[in-house]
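Student: 3D, please:
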Amino acid sequence: MKSSDLFSSRWGIVFAGLGMAVGTGNLWRFPRIVSQYGGGAFIIPWMIFLFIWSIPLLAIEMSIGKKTRRSVVGSFREMMGEKYTWMGMFTAFVPTAITFYYAVVTGWCLKYFLASAFSGLIQKDTISYWRLFTSSWEPLIYHVGALALGCLIIYSGIVKGIERTNKILIPALFGILLISIVRVLTLPGASAGLNFLFSPNLSLLGDYRVWLNALSQSAWSTGAGWGLMLTYAVYAHRSQNPVRTAATLGFGDNTASLLAATLIVPTVFSYFSGPGFSQERVMEVLKTDNLGLTFIWIPQLFAKIPGGALFLALFFLALCFAALTSLISQLELIASVFIDAGFPRKKAVLTVGVICLAMGLPSALSLAFFNNQDWVWGLGLMVNGLFLTFLVLKVGPRKFREEVISTPECPVRLGRWFDFLVGVLLPVQVAVMLGWWFYSAYSGDPEHWLKIFSVSSLGTVFFQWAVAMAVFIFLNKTLNARFKKYET
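Tutor: The predicted structure is shown next:
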């Protein structure tokens, strides 16, 4: 690999990794989840899972990418053998399927930034505005725009495209959050929201739901186990320390989440401050789903703030930056698979753009289809974490830490605790997460849990996973032949 194909420095890949990790989930999911499950109490298990799930998986991914210099599919094939190529393909497909609808989300963010900055969104009936927007053809237009912007960035290459973009957008994102927080904390009633957020009620730690949601939030928010950091690590220098970089990304992602919560939660408390204040009403807002909180309630909250139009535009600008930097990491993962299969970068990017445009159309035009895909492939990310863990176990935990994580160019000393973490803790966490989500889905609709055409049933999850796995297993020999042809 040419030096021009590598990130220019450690900070190049750190900013790219932060762009990958810090996404819309930090700004719209974390504030409502931390509020629903105990505020300060939730933060304690959330930080624990950063150390026993997110950082280890990020370090594993980065070590694999540095070692193989191949895509997710090529890495599984090289480290586990040709009969496991299908497993790498499934691991790559899960974030690919997410990309199809995440580009739609990025388009929504672009639309709302433009509307808040230039069309007086803050003065509109936000419920009607959201319904009119999502029932029109507009989401398709913004879907195309988001994909065009993301593909243009990765088309420009690693340093000139991905690294340069993230070095601009990530500091800007943190800066916008900090500026907005300073304003929000001067609002009446904001201090009550801050106290709620950071004063832990330790008795809530006995509630298993707090722990399960903390694990799920850490798993989804940091991007650990997606294969995205593996993809970026292909372009890392050999001297890059995967453990240190993984820790930097994990803490950076958590910091972004806390900043978002410090912005949103006090704003909600301030909105309902004054005579007759009711924390129950505050929690009703914070229990609204991601889309309702972001695109319906946020404009209403900022409407009460002097200068709210400016801060609303800044919020959606930050959301655009978070969405776009995550989108380009997903697009790069898909492009890397095509590059591994012999495509030149430019042809690979164009191919990816066309595929994502076509496959994202149903999500752009139907919220029901969007919610179905988010449900199916969001859970699929847990299978990705399991497959990456299985890869380490197949290589051997001791061999992996001594020969893959630790290299002559970057010696890293990890003890036997790593073997226990990979052999026991990671598989147990996957089993618990999947078991809990499966049980929740079943208990929520026990009569129709196997319906494959339901939006959020277990049947639709099992059916779509089974189809994808069956296709990749069937194509395993063909995939191996294609990758072998272009090995160098």
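
Student: and the pLDDT for G25?
Tutor: Each residue has a pLDDT score; the one for G25 is 90.

Student: skip the chain neighbours and tell me the closest residue to it.
Tutor: Spatial nearest neighbour of G25, chain neighbours left out: S221 (5.0 Å); criterion: Cβ to Cβ, 6 or more residues apart in numbering. C-betas here are computed from N, CA, C, even on glycine.

Student: again with R413
Tutor: Excluding the flanking residues, the one nearest R413 by Cβ to Cβ, 6+ apart is S406, at 6.9 Å.

Student: tally up the residues packed near the one you found, please.
Tutor: 18 (other Cβ atoms under 10 Å).

Student: state the distance from it to T91.
Tutor: 24 Å (Cβ to Cβ, to the nearest Å).

Student: before we move on, what about L386?
Tutor: L386 sits 10 Å away from T91, going by Cβ to Cβ.

Student: for A214, same thing?
Tutor: A214 is 24 Å from T91, by Cβ to Cβ.

Student: check S326 too.
Tutor: 18 Å.

Student: most distant residue from the centre of the chain?
Tutor: Of all residues in the chain, P275 has its C-alpha farthest from the mean position, at 39.7 Å, by Cα atoms, centre = their mean.

Student: need the three-state assignment for that residue.
Tutor: Look at P275: counting by DSSP: H, G, I helix; E, B strand; the rest coil, its state is coil.

Student: make residue 1 into 24 and carry on from there
Tutor: Noted, 24 is the first residue going forward, which turns the last one into P298.

Student: now do it against P469, distance only.
Tutor: In this view, P298 and P469 are 45 Å apart by Cβ to Cβ.

Student: give me the pLDDT for P469.
Tutor: For P469, pLDDT reads 86.

Student: ditto for M24
Tutor: The score at M24 is 51. That number is its pLDDT.

Student: out of everything not next to it in sequence, what's closest to V288?
Tutor: Using Cβ to Cβ, 6+ apart, the closest residue to V288 is G216 (4.5 Å).

Student: returning to what we had before: comparing L409 and T114, which shows the higher neighbour count?
Tutor: T114 (29 against 19).

Student: so A332 sits against I145, correct?
Tutor: Yes: A332 lies in contact with I145 (Cβ atoms under 8 Å); the separation is 4.8 Å.

Student: who touches both of those two?
Tutor: Both A332 and I145 are in contact with 139, 325, where contact means Cβ atoms under 8 Å, 6 or more residues apart in numbering.

Student: and the two? which has more neighbours close in?
Tutor: Per other Cβ under 10 Å, whichever of A332 and I145 has more neighbours is I145, with 22 against 18.

Student: how about that one, what does it touch?
Tutor: Listed by Cβ under 8 Å, 6+ apart, the contact set of I145 reads 139, 322, 325-326, 331-332, 335.

Student: what about those residues, which are in strands?
Tutor: Judged by DSSP state E, strands contain none of these.

Student: for Y152, see how far away the residue nearest to R436 is.
Tutor: Shown here: S429 relative to Y152, a distance of 54 Å by Cβ to Cβ.

Student: just to check, the residue nearest to R436 is in contact with G438?
Tutor: No: using Cβ under 8 Å, S429 is not in contact with G438, being 11.8 Å away.

Student: remind me which residues of the protein are low pLDDT?
Tutor: Scanning the chain for pLDDT under 70 picks out 24-27, 511.

Student: quick one: contacts of stretch 290-310?
Tutor: Outside stretch 290-310, the residues that reach it (Cβ under 8 Å, 6+ apart) are 54-55, 58-59, 207, 210-213, 215-216, 219, 288, 316, 320, 323-325, 327-328.

Student: just the ones in helices from these, please.
Tutor: 54-55, 58-59, 207, 213, 215-216, 219, 288, 323-325 (DSSP state H).
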